[in-house]
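Undergrad: For reference, the sequence and a predicted model appear below.
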Amino acid sequence: MTQYLGGSDEERRSIIERRFAGEMNMSNKDVMAAFAIDPHYDPYSIPLDKVDPSHPSLFLHGTHWDHLKRLREEDPVHYHEESMFGPYWSVTKYEDIMHVDSNHQVFSSLAKKGGIGLGGVPDREDEYQLPMFIQEDPPKHDQQRQVVTPMFTPRNLSELEPLIRERAAAILDNLPRNEEFNWVRHVSVELTAQMLATLFDVPQEDRLKLIDWSDTIQNLADPDEFETPDEGFQKLFECLAYFQAYYEERKKQPPKFDLISMLAHDESTNDMDPQELLGNVMLLIVGGNDTTRNSISGGVLALNENPDQYEKLMQNPGLIPKMVPEIIRWQSPVAHMARTALEDCELGGKQIRKNDRVCMWYISGNRDEDAIENANEFIIDRKNPRQHTAFGYGIHRCVGNRLAEMQLRVIWEEIMKRFSKVEVTGEPVGLASSFIHGIRELPVTLRD
């Protein structure tokens, strides 16, 4: 018995082999057809070895939760022999995730080993390989990460806060009242885009290009966006041309306090080849976009789905600082991170072999009742709201986590000054991705 409704076993096996051979011209429609599933099937109705939470359709339809729940309950370290991303281990419990994330000596993020996402191709050497510091191990990871870390120090964030507040206020003041609009596009994307343009010191009129390139990364395998992944990469090469010009220009200028200048003037990043430059730029764009953007949208949705918590917030806006990490835990904008075992080891009583792919389901660890009290409840005054896996752990913990929290805090402080409620008045549209847990559309109406 299988959950796949699409092609034959031979067709799926062929696609996996071609993907791991690095073929980028596979039709996205053919891949999705071969691995087609009913996203609403009951994961408890099939054998455990057929449960696979990685299919993008599950996240698009919001039906991934029970797949992860069953694995947490019955097999927290679970081997998937067959998936559209090839074989891998699912790690679904909080403590096991923390163990993998904090042991980079055993579990590698290296791109040449497969990188940080399911579907990564080991030993790939072509123009579609995008080296970036999150897909490096020490010492290179540490050296390159340190280049951009000064942007996210508490002192610099405190200096950025007035600008964020000014922009958040302007965005909110220009929204329509008492008529439906897409919160994602008009608020979440807009605030994120403006701040990204500031961090890179590129013109504000180019800000939506940054979002478009970020979306391209997430949509490379989406047949509704691109016929093949190669088609999506052609758009990313436009991003490379854009930032290559700024990179070379800033090498000739005195150092400035922006991300491109930082990369251009540090000895560990001032001689990157085009692929590595594109990889690190995309890392910073996606990292600066997806957590903040999807948490801003996810918070509105969570409060509407939990009206008692919205009422609690309206009665006490002082809860916003505690609510912010709870929103991030609840949304879990990065659904998973993957690693590759560098040696034989044991995890959760299972034998992991050298070169096995291991997937940490952050989104599942954040619903683990054994680690987080009432983990399946949204509680805006939670006692220990920062106990979550959403930012990762160890050397790869999100470098911009405090900036993401600050933007979310500021936007909610400004929301509460203006509106009695941001009411969800239409059906949300999710993102077809098991990597980024995103919201593409959120129809809302503002109530005075």
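TA: On my side now, so go ahead. Numbering: from 1, shown residues only.

Undergrad: Going by C-alpha atoms from here, please, whenever you check contacts or count neighbours.
TA: Noted.

Undergrad: what ranges do the strands span in the chain?
TA: 77-80, 88-91, 107-108, 181-182, 337-341, 345-347, 350-352, 357-360, 421-424, 429-430, 439-441, 443-447 (DSSP state E).

Undergrad: TSV for those, including distance to Ile379?
TA: As requested, these are exported to TSV (distance: least, C-alpha to C-alpha, whole Å):
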stretch	distance to Ile379
strand 77-80	28
strand 88-91	25
strand 107-108	33
strand 181-182	25
strand 337-341	25
strand 345-347	31
strand 350-352	34
strand 357-360	24
strand 421-424	18
strand 429-430	23
strand 439-441	21
strand 443-447	22
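
Undergrad: Mind checking these for the one nearest to Cys239?
TA: Nearest of the strands of the chain to Cys239, taken as C-alpha to C-alpha: strand 439-441 at 21.6 Å.

Undergrad: can you list the weak-confidence ranges in the stretch 251-400 of the chain?
TA: For the stretch 251-400 of the chain, no stretch has pLDDT under 70.

Undergrad: Now render the strands of the chain as CSV, adding mean neighbour count.
TA: Shown next, in CSV, are those (neighbours: other C-alpha atoms under 10 Å):
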stretch, mean neighbour count
strand 77-80, 22
strand 88-91, 24
strand 107-108, 26
strand 181-182, 19
strand 337-341, 25
strand 345-347, 13
strand 350-352, 15
strand 357-360, 27
strand 421-424, 20
strand 429-430, 16
strand 439-441, 20
strand 443-447, 19
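
Undergrad: Kindly state which of those is positioned closest to Arg382.
TA: strand 421-424 (21.7 Å).

Undergrad: which helices and strands does that closest one pack with?
TA: Judged by 3 or more C-alpha pairs under 8 Å, 6 or more residues apart in numbering; DSSP states H and E, strand 421-424 is in contact with helix 274-305, strand 443-447.

Undergrad: Packed most tightly, which of those would that be?
TA: Highest mean neighbour count among the helices and strands packed on strand 421-424 (mean count of other C-alpha atoms under 10 Å): helix 274-305, with a mean of 22.

Undergrad: next one: that helix to chain centre, how far?
TA: Remark: helix 274-305 is offset 6 Å from the chain centroid, using C-alpha atoms, centre = their mean, to the nearest Å.

Undergrad: just checking, what packs against it?
TA: Contacts defined by 3+ C-alpha pairs under 8 Å, 6+ apart place helix 274-305 against helix 189-200, helix 207-218, helix 229-251, helix 307-315, helix 320-331, helix 401-418, strand 421-424, strand 439-441.

Undergrad: So which of these is nearest Ile296?
TA: The nearest among these, by C-alpha to C-alpha, is helix 401-418 at 6.1 Å.

Undergrad: how big is the angle separating that closest one from strand 443-447?
TA: Helix 401-418 runs at 50 degrees relative to strand 443-447, counting by axes from the mean of the first three to the mean of the last three C-alpha atoms, to 10 degrees.

Undergrad: Ala404: which of the strands of the chain is closest?
TA: strand 439-441 (16.6 Å).

Undergrad: can you pull the contacts of the nearest residue to Leu313 once chain neighbours are set aside?
TA: Excluding the flanking residues, the one nearest Leu313 by C-alpha to C-alpha, 6 or more residues apart in numbering is Leu319, at 6.5 Å. Counting by C-alpha atoms under 8 Å, 6 or more residues apart in numbering, Leu319 touches Leu313, Ile380, Asp381.

Undergrad: And Leu319, how far from Asn374?
TA: Counting by C-alpha to C-alpha, to the nearest Å, the separation of Leu319 from Asn374 is 18 Å.

Undergrad: Tell me where the stretch 51-200 of the chain has helices.
TA: Per DSSP state H, counting those that start in this stretch, the stretch 51-200 of the chain carries helices over the ranges 56-60, 65-74, 94-101, 140-148, 154-173, 183, 189-200.

Undergrad: can I get these in JSON lines with mean pLDDT?
TA: Compiled in JSON lines, those are given as follows (pLDDT from 0 to 100):
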{"stretch": "helix 56-60", "mean pLDDT": "95"}
{"stretch": "helix 65-74", "mean pLDDT": "98"}
{"stretch": "helix 94-101", "mean pLDDT": "98"}
{"stretch": "helix 140-148", "mean pLDDT": "96"}
{"stretch": "helix 154-173", "mean pLDDT": "96"}
{"stretch": "helix 183", "mean pLDDT": "98"}
{"stretch": "helix 189-200", "mean pLDDT": "97"}
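
Undergrad: got the ones you listed as TSV, with distance to Pro87 and mean neighbour count columns?
TA: Listed next are those as TSV, based on distance: least, C-alpha to C-alpha, whole Å; neighbours: other C-alpha atoms under 10 Å:
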stretch	distance to Pro87	mean neighbour count
helix 56-60	16	22
helix 65-74	16	18
helix 94-101	18	21
helix 140-148	26	18
helix 154-173	41	15
helix 183	38	23
helix 189-200	35	22
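
Undergrad: what about the ones you listed, which gets the closest to Met132?
TA: helix 140-148 (8.4 Å).

Undergrad: helices or strands next to the closest one in the packing?
TA: helix 259-265.

Undergrad: and of the contacts of Leu319, the nearest to His396?
TA: So of those, ranked by how close each gets to His396 (C-alpha to C-alpha), first place is Ile380, at 26.9 Å.

Undergrad: List the residues that contact the closest one.
TA: So Ile380 contacts Gln309, Leu313, Leu319, Ile320, Lys322, Met323, Val324, Glu326, Ile327 (C-alpha under 8 Å, 6+ apart).

Undergrad: Can you tell me which of these is nearest Gly298?
TA: Ile327 (7.0 Å).

Undergrad: wait, doesn't that closest one sit right on Gly298?
TA: Yes: the criterion here is C-alpha atoms under 8 Å, and Ile327 meets it with Gly298 at 7.0 Å.

Undergrad: Okay, Ile285 and Val300: tell me how far apart.
TA: The gap separating Ile285 from Val300 is 23 Å, by C-alpha to C-alpha.

Undergrad: I'd like the contacts of Ile380 as TSV, with distance to Thr92 appended.
TA: As requested, those are exported to TSV (distance: C-alpha to C-alpha, whole Å):
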residue	distance to Thr92
Gln309	27
Leu313	31
Leu319	30
Ile320	29
Lys322	25
Met323	24
Val324	23
Glu326	19
Ile327	20
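
Undergrad: give the contact list for the closest residue to Ala33 other than its chain neighbours.
TA: If the residues on either side of it in the chain are set aside, Ala33 comes closest to Gly6, at 5.4 Å by C-alpha to C-alpha, 6+ apart. Shown in contact with Gly6 (C-alpha under 8 Å, 6+ apart): Ala33, Ala34, Phe35, Ala36, Ile37.

Undergrad: switch the cut-off to 6 Å
TA: Ala33, Ala34, Phe35, Ala36 (C-alpha atoms under 6 Å, 6 or more residues apart in numbering).

Undergrad: quick one: it from Phe226, how far?
TA: 20 Å.
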